[in-house]
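**Q** sharing a model prediction with you, sequence too.
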Amino acid sequence: KRFRPIFLEQFLQPSISPTIRSAFIHRYCPQQHELSWLDLFRDKRNRERTLRSKVSKDGWKHQGCNVLNCRVIIRKKEDMEKHTQVHQRDVMKKIDIIQRAEERRRLQKLKKQSRKDETKKQKIS
C-alpha cells in the first residue's frame, strides 16, 4: 500500500482561472519542497497502526483521511464521501474569498486609473 496524500489543489475545479488557482496554491497549500515527506509518512503510519484492528459492524476497516494534514478518522464508507465533501466545500469557500479579494483589487485599480485620467484632463484644460 503506497503513501499517496491528497493535496488541496486537487479539489480545484478545472474551470477556475489560472490566477485564482495560483493565488489559492500560494496562500493555502504547503509548498512541496518545504514538506518533510518522512514526517508525513511516519504520522500517517502511526495513525494507521492504531486503527489496524478496528473494523465497523459493516466490515469496513477504519482509516484516516488521505488529505494532507487532515487528522480525521473515517469509520464508515458513507462518512468517506461526506468528509470528502467537507474538503470540497472548504476549498470552494477559500476560492470565493480569493475571487472577492481579486475583484476588490481590480475595482481599486480602475478607480485609481480614472483619478489619474481626471487629473490629466484638468491639467490640460
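**A** Perfect, I can see it now.
**Q** mind checking how far the host helix or strand of residue 123 is from the chain centre?
**A** Using DSSP states H and E, residue 123 maps to helix 77-124. Mean-position distance between helix 77-124 and its chain equals 16 Å (C-alpha atoms, centre = their mean, to the nearest Å).
**Q** tell me the helices and strands packed up against it.
**A** helix 18-28 (3 or more C-beta pairs under 8 Å, 6 or more residues apart in numbering; DSSP states H and E). For the C-beta atoms, the positions are set from N, CA and C on the backbone; glycine is no exception.
**Q** got the angle for the helix it packs on vs helix 77-124?
**A** 110 degrees (axes from the mean of the first three to the mean of the last three C-alpha atoms, to 10 degrees).
**Q** so which bits of helix 18-28 are buried?
**A** 20-21, 23-24 (16 or more other C-beta atoms under 10 Å).
**Q** tell me which of those is nearest to residue 103?
**A** Distance to residue 103 across the buried residues of helix 18-28 (C-beta to C-beta) is lowest for residue 20, with 10.7 Å.
**Q** now for the buried residues of helix 18-28: which two are most distant?
**A** Top of the distance list for these (C-beta to C-beta): 21 and 23, 7.3 Å.
**Q** now, which of the buried residues of helix 18-28 sits nearest residue 109?
**A** For the buried residues of helix 18-28, the nearest to residue 109 is residue 23 (15.7 Å; C-beta to C-beta).
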